[in-house]
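Undergrad: okay, sequence plus prediction incoming.
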Amino acid sequence: MRLYYALINQREYNTSFSMLSDNFKDRFHCCNPDGSYQIQPYIDWWNTIDEVEVYSVKTTPRSENSALATVRLIYHRADGSVVENTHYYDLIFDRAIDTWLID
């Protein structure tokens with residue numbers, strides 16, 4: 001999770017977007033007329049954030065291929081406001097690319 005938000009802070013949106021599972025993208029970023037995922041709304045939203053501070057991450061295994069991540073964040077918004085939030089993410093392990101994805 002720390003890597004994901006570091007990529008967001010570096011504006012490496014294509015790489016951070018690739019850390020989302022197809023299931024996540026189907027729910028929140030589907031779909032262009034050609035069936036591809038819509039990355040532009042994702043980029044537009046993250047561009048409203050100047051910086052994300054990761055306050056804490058706790059990962060709880062559920063099985064060999066799934067886990068729950070509890071992430072406490074501080075968003076420094078482009079409008080000058082600061083928002084603290086806790087997110088709960090399902091994680092799945094993608095054996096094809098040998099990494100964890102946000103599901």
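TA: The structure has been received and is ready for your questions. Residues are numbered from 1 along each chain as shown.
Undergrad: give me the longest strand you can find in this protein.
TA: strand 49-63 (DSSP state E).
Undergrad: quick one: mean pLDDT for the helix or strand that comes right after that one?
TA: Using DSSP states H and E, the helix or strand that directly follows strand 49-63 along the chain is strand 66-77. Strand 66-77 comes out with an average pLDDT of 98.
Undergrad: what packs against strand 66-77?
TA: Packed against strand 66-77 by the contact rule (3 or more Cβ pairs under 8 Å, 6 or more residues apart in numbering; DSSP states H and E) you find strand 49-63, strand 82-94. The way it works is simple: take the backbone N, C-alpha and C, and place the C-beta from them, glycine included.
Undergrad: which of the residues in the helix or strand just after the last one are buried?
TA: It stands for strand 82-94. Sequence order places strand 99-102 as the next helix or strand after strand 82-94, per DSSP H and E. Buried residues in strand 99-102, counted by 16 or more other Cβ atoms under 10 Å: 100, 101, 102.
Undergrad: what residues are up against residue 46?
TA: 8, 11, 13, 16 (Cβ atoms under 8 Å, 6 or more residues apart in numbering).
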